Every structure is written in structure tokens, then in C-alpha cells.
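Student: Predicted model follows, preceded by the sequence.
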Amino acid sequence: MRVVIVGYGQMGHEIEIVLRNRGHEIVGIVDPVKPGASALTVDEAAKAIAGSPGTGPVVAIEFALPEGVAGNVAAYGRAGWSAVIGTTGWEDQKTEVLTNAADTGMNLVYGSNFSVGANLFVRLARYAARLSARTGEYDAALVELHHRRKKDSPSGTALMVAEALKEEFPDKTEIQPETLHRRVKPEELHVIAGRVGSVPGTHTVILDSVADTVELTHRARSRQGFAVGAVQAAEWITEQTGIHPVEAFFDDMFQ
């Protein structure tokens, strides 16, 4: 598999390490400002690759800035590449970007979390919620902690887990991500977010009854899990057709 890394920050460097360890060829690194990049834009990288020797599918793995997603995806379509989009923060453009991608006939997998462990955690949390909801004895909430540099709150992973919990508890109809200065309503699933120091991404599902408390926690120690998942998704998308959310990839992995 030939890969173009789009975005050469910390995630881009982790992806580079995983790609080399798995024997893939890195044919381009796109970043307008980071040292070590081979191209400033996707179109520049596409021209360079078209003029160089090599066969096999090209997949772009993108962890970059949200404002560049629409233009980058359009460029992948023009180049005939498949793509993995791990960039977050472009939800307001999602319908337009994915429609345009589908019109080009490209193959793409996208999502807010490519961590293998985090996606395993979502499935375990869903199953635990399903069992506890059947008893009629448990309430549910979610607590997440991240380092103080994180820009969004709650995290995309927290909202993904909360949605899974909400679907399993019949009386939960609303995710409440805000700090509450009142009693939580029975129909609200409260998501509590904290930002402090250098804490790695930590998500804890709390299932509480009068008799006891059950907790499930996922704690990320590094970005490696995200990079491994993104590269595995790139391997997967080369054998698929169409546009897929990351959950489809992990459903295939865990089945």
C-alpha cells in the first residue's frame, strides 16, 4: 500500500512510524508548515506521485486542520485515491463533503476516533449498559478527563460513548454535556468533562444503583493506538467501495 500522510503533527509522526513498521510505502507527506513535509498541498503531492514510478493503491491518511477537509477530500477524488479522515471539527460540513466524495466514486472511511482500544471500550460500555438497563436498578453517567490543551469539550469519544449508553437506556432521551447548577433530570444522560495538566484521554462509564457502582474506564497512554487504528483502516478501505464511518471498520474487525 502506498500512503500519503496529510498533516505532519504529532499524529502524523505516529502514523509514519506505524506505516514503516507494517511495511508500507510512504509516497508523500503533506503539510504547509511542518518541517519534513514533501508537499504543501494534496494537489502538489498528487502531481509528484503521478510522475514517479510505483504501482498499487494510494491512500491518504489525514489528521490535519478541519478547515482543510473539504478541499483535501476533493483533491483525493481528483487523484483517484482512497482516504482515511481522522480530522475532527468539520461536522458542519459533513453532508456536503461526503456527498461530493461519493459523487467522485472514491473510497473513504471517516470518524472522530480511530483508537482500537477506545472503540473496543464503546462496545463494552454498550453491552454493560444493556445488561444494567434490563435490571431497572441502574442510572448512568460518563466522566471524561483530558489535558488542558484540548480544544473541544466534551471529547468526541465521550459523545460517542454517551450516544451508545443513551440507546441502551430506554428512559434516557437526552445527552446533557453542560455543567449543571440544578438536579439532573431523569431523562438526561450527564457527561462530565474536566481539563487539567497533562492528563491523557480518560473516559469512565458509571453505572450506579442503590446497592453498588460499576465503572468501566479507558485510558489512552499515547497516540499509538490511534495511529495503529488509522493505518489498519487504510488497509481495510483499499478493499472496500464507498463511504464508511469508522464504526463500520471496527464492526468488521470485532465481528
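Tutor: Alright, I've got the coordinates. Residues are numbered from 1 along each chain as shown.
Student: can you tell me the helix or strand for residue 4?
Tutor: strand 2-6 (DSSP states H and E).
Student: C-terminal to that strand, what's the next element?
Tutor: The helix or strand immediately downstream of strand 2-6 is helix 10-21, counting by DSSP H and E.
Student: for that following helix, which positions count as buried?
Tutor: 11, 12, 13, 14, 15, 16, 18, 19 (16 or more other Cβ atoms under 10 Å). Backbone N, C-alpha and C define where each C-beta goes, glycine included.
Student: Same question for stretch 89-108.
Tutor: Buried, per 16+ other Cβ under 10 Å, within stretch 89-108: 90, 97, 98, 101, 106, 107, 108.
Student: Now, those residues that are in helices?
Tutor: Among the buried residues of stretch 89-108, DSSP state H puts 97, 98, 101 in helices.
Student: where's the last one relative to residue 76, distance?
Tutor: Just to be clear, that refers to residue 101. 8 Å (Cβ to Cβ, to the nearest Å).
Student: what do these two both touch?
Tutor: Overlap of the contact sets of residue 101 and residue 76 (by Cβ atoms under 8 Å, 6 or more residues apart in numbering) consists of residue 108.
Student: Can you pull the domain assignment for this protein?
Tutor: Per automatic domain parsing, the structural domains of the chain span 2-114+224-254, 116-219.
Student: and among those, the most buried is which?
Tutor: domain 2-114+224-254 (a mean of 18; mean count of other Cβ atoms under 10 Å).
Student: what ranges do the helices span in this structure?
Tutor: Going by DSSP H, the chain shows helices at 10-21, 42-50, 69-79, 94-104, 116-135, 156-168, 224-237, 246-254.
Student: residues in contact with the fifth one?
Tutor: Same thing as helix 116-135. Residues from elsewhere that reach helix 116-135, judged by Cβ under 8 Å, 6+ apart: 113, 138, 140, 157, 160-161, 164-165, 167-170, 201, 203, 205, 207, 209, 214, 216, 218, 220, 225, 228-229, 232, 246-247, 250, 253-254.
Student: Next, the angle from that helix to helix 224-237.
Tutor: Counting by axes from the mean of the first three to the mean of the last three Cα atoms, to 10 degrees, helix 116-135 lies at 90 degrees to helix 224-237.
Student: Could I get the contacting residues of residue 42?
Tutor: So residue 42 contacts 4, 6, 30, 60, 71, 72, 75, 76, 79 (Cβ under 8 Å, 6+ apart).
Student: Report the residue spans of the protein with pLDDT below the cut-off.
Tutor: Within the chain, not a single segment meets pLDDT under 70.
Student: Can you tell me, leaving aside adjacent residues, what's nearest to the spatially most central residue of it?
Tutor: Nearest to the mean C-alpha position of the chain, counting by Cα atoms, centre = their mean, stands residue 113 at 1.9 Å. With sequence-adjacent residues excluded and distances taken as Cβ to Cβ, 6 or more residues apart in numbering, residue 113 is closest to residue 157, at 4.8 Å.
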